[in-house]
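Peer 1: I would like to see how this sequence folds:
(chains A and B)
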Amino acid sequence: MTRKQKRLAVIGSGMGFLALAAALTFYALGQQTSYFYMPVDLLAQPAGAGDRIRLGGLVEKGSIVRGEGTRVRFAVTDYEHTVPVVYDRILPDLFREEQGVVVEGAFGEDGVLLADTVLAKHDEAYMPREVADSLKERGVWQEE
Amino acid sequence: MSVELGHFALVLALALALVQFFVPFVGARIGSLSLMRVGEPAAITGLALLAAAFAALMLAYVQSDFSVVNVWENSHSAKPLLFKITGTWGNHEGSMLLWVLILSFFGALVAAFGRNLPPTLKANVLAVQGLIASAFLLFILLTSNPFARLQPAPIEGRDLNPILQDVGLAIHPPLLYLGYVGFSISFSFAAAALIDGRVDAAWARWVRPWTLAAWAFLTGGIAMGSYWAYYELGWGGFWFWDPVENASFMPWLAGTALLHSAIVMEKRSALKIWTVLLAILTFSLSLLGTFLVRSGVLTSVHAFASDPTRGVFILAILVLFIGGALALFAFRAAALAPGGLFHPISREGALVLNNLLLTTAAATVLVGTLYPLVLEAVTGEKISVGAPFFNLTFVPLFLPLLAAVPFGPVLSWKRGDLMGAAQRLHFAFAAAVISAFLAFFLINRGSAFAALGIGLGLWLIFGAMTDLALKAGVGKVGPAAAFSRFRGLPLSMFGTALAHAGLGLTTLGVVCVTTLETERILTMQPGQTAEIGGYALRFEGLQPFTGPNYTEDRARFVLTGADSLRLGELISSKRLYTARGMPTTEAGIRTIGLSQLYVSIGDATNNGGLVVHMWWKPLVTLIWIGALVMMGAGGISLFDRRLRVGAPARRKAALASAGEEAS
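Peer 2: Numbers count the residues shown, from 1 in each chain, chains lettered A, B, ... in the order given. I've put the predicted structure just below:
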């Protein structure tokens, strides 16, 4: 092979990998991202059973039901709409009433969100940014 | 007083860094040796000043001087001494100071040990280092001054975030920064070569040890961070594809590519332009990582405080250095002479393949990390890109790379023979395939994926062993001769083999834990026994306990083996740090062989039980052991006499042994 052909071979295979990576990336972005919703967004476009979403809001006061074995029930609210959630794992340390939370999971037949992830906060002053932005926009919550 | 001295030292260091940039740079332009020499004392004095500033901050932490804002915000008088010391870098300001300290440490090393460097190259390298240091010192002084005072001084501090009060944190940031910042040397060398318009095999020989050292530290830093998250967060995961993790992983991928392309450049003087570009990209990714983690665009444990001016400032530094270096590259790269020729099937070809796959994989991680940020900035739409995305993009690119690794070292330079290489590896391949079959049939619930993964990990390990055996001439010469040849092999060959075997160990750990892990979540009453992974755990009850700055409820478990042999106790607890009123989960971990039993506890239930989440993690420790092996392999290679810092004096000897190796 001449120098030119060799260079072309290297550039060609490089492009090949990039194209493969790009294809994988587009495919994965189409498949594997979950959109972020606030409860009020679900009023406008209700989610059906099996839809996977990320839901942000505040943990509704008095909604936490613990002690039924490993299952915990609670509700996520933004003071306009409330979504019931079931979680069958250990809640993060800083999970409390009226605190910001982001849960990820899929809706069951009964409209209850079966969460597989409840995002932990690392700091007691932390409010998930998506939640804070959205609540501030509608003026129902202010930063302390 | 010492605090003011520290602040003063920091300002002096900035002034000196500007001198270190300007004077040697001008000296190199006009060819004045005396001006170029200014760089060395400037770099060494700069290190002394920054060390003094850092010591002053550390002293303030040890003495719990709450008149310093930074100490008040992140410390508490009841905090154990170790965490007072490590708390120095457990916050934004302190960790930026550590960043610059390490930067100047590397700069001073070049100044002190780079005696054999051509004076212009050395002057340019130190000048670029000085410029980076001045930018970050300016950032610290203007937006993140660790020495700001508070008037009147509060009596008690607000304590360090409890999850950061941990030995893992003592080690993770310094190691990680040694890696991140170590790549600044490769960057400075690349920029200096572009300014000079000259790059040759000797350049690669100077750059390689720095890259190798930075890479080894970064490997250790990432592994430490991963282990810290594993045991401290109590979720039992070792890697979350969290943006802050990706921020350190991208420079690692690019740095690994750089490490390999620098070999081609040194040995065969090919891939010059590409290596220079990679050196720039690797440090750019380190800077991007610093930006992502420090600017507060991401919410995570690392985002200690979000202050928009900081983000904009770091972004400006990022644009200046990445943009500047790439512009320099665009203008000057054409001036670099093209390198040697090689056949696609050759060791060079294998290293090119390695580079292509590593950089593409780094690119997918980059896209996955930045896409949500860009999308939100452009459309306001908020999405999250998590593990499933990376499993679909990164993993398919990384698997072929792993499969190709053993071929590289057994192919010869310039023109290789794939069939010959395959023949040389047939023992390793057969052993890996047999192990995969055994894994498939012997492990119950062994899936095809698990078996393939185990085979892949072992293929890497056996391949590395075969490589060493071939180099020693096993099979060609008698055992005694082979042994003496084995002992005489250059250290860097052991380094290569060990690093590849370490990669195999990590692969094995990741595969086993993701495919064969078992977990149980259940409510346990005191006295109740649960079985997992062939072991039985009896819950003994909850006991309160008071630590220096926390109180906790400890759940005691008695662990018994399959033959009801008592293996000891396991304690998992819920801790409450009193100063911040912040609860944390302290997982109970018991290492059995290379596997671990991992227990986290949750809330008490109405009927006096306790929610317990337990995992059996087969071979999980291999993930970090493999990383330590890779780190050690980097260290061993560094001691190779051909690579010793400033090795060009022995250039003849190096060429002679490189000749032997090529045969």
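Peer 1: where in the stretch 51-200 of chain B is pLDDT low?
Peer 2: Nowhere does the stretch 51-200 of chain B drop to pLDDT under 70.
Peer 1: now the helices for it?
Peer 2: In the stretch 51-200 of chain B, the segments counted as helices under DSSP state H, counting those that start in this stretch are B:69-74, B:81-86, B:92-113, B:119-143, B:167-196.
Peer 1: export those to CSV and tack on distance to chain A and mean neighbour count?
Peer 2: Heads up, the C-betas are built off the backbone N, CA and C, glycines and all. Below are the helices of the stretch 51-200 of chain B laid out as CSV (distance: least, Cβ to the nearest Cβ, whole Å; neighbours: other Cβ atoms under 10 Å in any protein chain shown):
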stretch, distance to chain A, mean neighbour count
helix B:69-74, 12, 23
helix B:81-86, 17, 18
helix B:92-113, 13, 23
helix B:119-143, 20, 23
helix B:167-196, 13, 24
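Peer 1: how about those in a markdown table, adding distance to A:Val40?
Peer 2: Shown next, in a markdown table, are those (distance: least, Cβ to Cβ, whole Å):
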| stretch | distance to A:Val40 |
| --- | --- |
| helix B:69-74 | 36 |
| helix B:81-86 | 43 |
| helix B:92-113 | 34 |
| helix B:119-143 | 37 |
| helix B:167-196 | 39 |
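Peer 1: quick one, phi/psi of B:Asp159?
Peer 2: phi 70, psi 150 (degrees, to the nearest 10).
Peer 1: before we move on, back to that, which among the helices of the stretch 51-200 of chain B is found nearest to B:Tyr227?
Peer 2: helix B:167-196 (6.4 Å; Cβ to Cβ).
Peer 1: how far off centre is stretch B:179-189?
Peer 2: 13 Å (Cα atoms, centre = their mean, to the nearest Å).
Peer 1: relative to A:Ala19, which of the helices of the stretch 51-200 of chain B is closest?
Peer 2: Nearest of those to A:Ala19, taken as Cβ to Cβ: helix B:167-196 at 27.8 Å.
Peer 1: other SSEs contacting the closest one?
Peer 2: Packing contacts for helix B:167-196, counted by 3 or more Cβ pairs under 8 Å, 6 or more residues apart in numbering or on different chains; DSSP states H and E, involve helix B:81-86, helix B:92-113, helix B:119-143, helix B:201-232, helix B:243-268, helix B:272-294, helix B:324-332.
Peer 1: compute the inter-axis angle for that helix and helix B:119-143.
Peer 2: Relative orientation of helix B:167-196 and helix B:119-143, computed by axes from the mean of the first three to the mean of the last three Cα atoms, to 10 degrees: 130 degrees.
Peer 1: next one: helix B:167-196 to chain centre, how far?
Peer 2: Helix B:167-196 sits 10 Å away from the centroid of its parent chain (Cα atoms, centre = their mean).
Peer 1: show me what contacts B:Ser572?
Peer 2: By Cβ atoms under 8 Å, 6 or more residues apart in numbering or on different chains, the contact set of B:Ser572 is B:Arg554, B:Ala555, B:Phe557, B:Thr585, B:Glu586, B:Ala587, B:Gly588, B:Val599, B:Ser600, B:Ile601, B:Val612.
Peer 1: same check on B:Ile263?
Peer 2: B:Ala204, B:Arg208, B:Leu351.
Peer 1: ramachandran coordinates for B:Thr560?
Peer 2: phi -130, psi 150.
Peer 1: likewise B:Thr546?
Peer 2: Phi and psi for B:Thr546, reported as degrees, to the nearest 10, are phi -120, psi 120.
Peer 1: now do B:Ser572
Peer 2: Dihedral angles (degrees, to the nearest 10) for B:Ser572: phi -130, psi 140.
Peer 1: same thing with B:Asn606?
Peer 2: The phi/psi pair for B:Asn606 (degrees, to the nearest 10) reads phi -60, psi -30.
Peer 1: the contacts of B:Ile263: which ones sit near chain A?
Peer 2: The subset of these within reach of chain A, by Cβ under 8 Å from any Cβ of the partner chain, is empty.
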